[in-house]
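J.: how would this look folded up:
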Amino acid sequence: MMDHNEYFKPTPLYKEFMILDIISKKPDITQRVMSQQLGISVSMINMYLDTYESNGFVKREYISTKDVNYIITKKGLDRVKILNIEYLKASQSIHRSAQENIVTFLYQIIKKGFKRILLYGAGEVAEIMLQVIQNDKSLPITAVAIIDDDSSKQGHILVNTRIVKLADINLYEHDGVLVSSYTNNDLIFHKLLAIKYDPKKIIRFFDS
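T.: Below you'll find the predicted structure:
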């Protein structure tokens, strides 16, 4: 399923997939609702539907002069499958590129002697980094734990790695702390300095 994502431009192909996919799930949906979901005008929706009908992807079933059901044809369903495959290929390409960037960064810190690290910030960045570390067995680096200030996260596991509180930092043998939060990047840095943590051992994924 191609969900709306701000990182993907709403190209005609994207809109085509979304409209056909919506219709396949809800034939009685109105053009106004489709325009709200896709963020484009009703007139544009109507234009797209005319095109899809001409291409044999959709046919209209008039319930009344005002009410219309949009029936997706077999050709339309096949078109959805093709568009979905193309979307997945594009997504995988972006995913691979992001992983490569993280691997490059990790090798840079490995060269500096950081092979056993603590992550600070149990969010999406930490999750992706942990997945990269665990999936790429050739990387000579280990995340021994994740520090997070949110007590509701502490004690839980993220990608096979325990989430702990800052006070536990010395319980883990490690070479440095990788700040894995964008929004709290500076705040975490200064929290580490406040407990007299060696600034040379603080690794910042995001530049301040």
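J.: what's the weakest-modelled helix or strand in this structure?
T.: Least confident helix or strand, the chain: helix 74-111 with a mean of 88, by mean pLDDT, DSSP states H and E.
J.: show me what the next helix or strand after it is packed against.
T.: Going down the chain from helix 74-111, the next helix or strand is strand 116-120, by DSSP states H and E. Applying 3 or more CB pairs under 8 Å, 6 or more residues apart in numbering; DSSP states H and E, one finds that strand 116-120 contacts helix 124-135, strand 142-147, strand 176-179. The C-beta positions use only the backbone N, C-alpha and C, and glycine is treated the same way.
J.: how big is the angle separating strand 116-120 from helix 124-135?
T.: 160 degrees (axes from the mean of the first three to the mean of the last three CA atoms, to 10 degrees).
J.: so what touches strand 116-120?
T.: Identification of contacts with strand 116-120 by CB atoms under 8 Å, 6 or more residues apart in numbering yields 109, 126, 129-130, 141-148, 161, 169, 172-181, 188, 192, 203.
J.: switch the cut-off to 6 Å
T.: With contacts defined as CB atoms under 6 Å, 6 or more residues apart in numbering, strand 116-120 is touched by 126, 142-147, 174-180, 188.
J.: re the thing from before, now do the least confident helix or strand of the chain: which elements does it pack against?
T.: helix 12-25 (3 or more CB pairs under 6 Å, 6 or more residues apart in numbering; DSSP states H and E).
J.: go with 10 Å
T.: With contacts taken as 3 or more CB pairs under 10 Å, 6 or more residues apart in numbering; DSSP states H and E, helix 74-111 sits against helix 12-25, helix 42-54, strand 58-62, strand 68-72, strand 116-120, helix 124-135, strand 176-179, strand 202-204.
J.: follow-up on the earlier one: among the contacts of strand 116-120, the buried ones, what's the ChimeraX command?
T.: To isolate the buried members of the contacts of strand 116-120 in ChimeraX, using 16 or more other CB atoms under 10 Å:
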select :126,143,144,145,146,147,174,175,176,177,178,179,180,188
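J.: what ranges in this protein fall below the confidence cut-off?
T.: Across the chain, the ranges flagged by pLDDT under 70 are 1-10, 208.
J.: could you list the domains of it?
T.: Per automatic domain parsing, the structural domains of the chain span 12-94, 112-204.
J.: please work out which of the ones you listed is packed deepest.
T.: Stretch with highest mean neighbour count among the domains of the chain: domain 112-204 (a mean of 16; mean count of other CB atoms under 10 Å).
J.: M34: which of the helices and strands packed on helix 74-111 is closest?
T.: Nearest of those to M34, taken as CB to CB: helix 42-54 at 5.0 Å.
J.: and the spatially closest residue to L13 that is not a sequence neighbour, how far from Y182?
T.: In space, and not counting its chain neighbours, L13 is closest to L83: 6.4 Å by CB to CB, 6 or more residues apart in numbering. L83 sits at a distance of 32 Å from Y182 (criterion: CB to CB, to the nearest Å).
J.: equivalent analysis for E53, please.
T.: Taken as CB to CB, the span from E53 to Y182 is 45 Å.
J.: D21 touches V58, doesn't it?
T.: No - using CB atoms under 10 Å, D21 makes no contact with V58, being 11.8 Å away.
J.: overlap in contacts of those two?
T.: Here D21 and V58 have I72, G76 as joint contacts, going by CB atoms under 10 Å, 6 or more residues apart in numbering.
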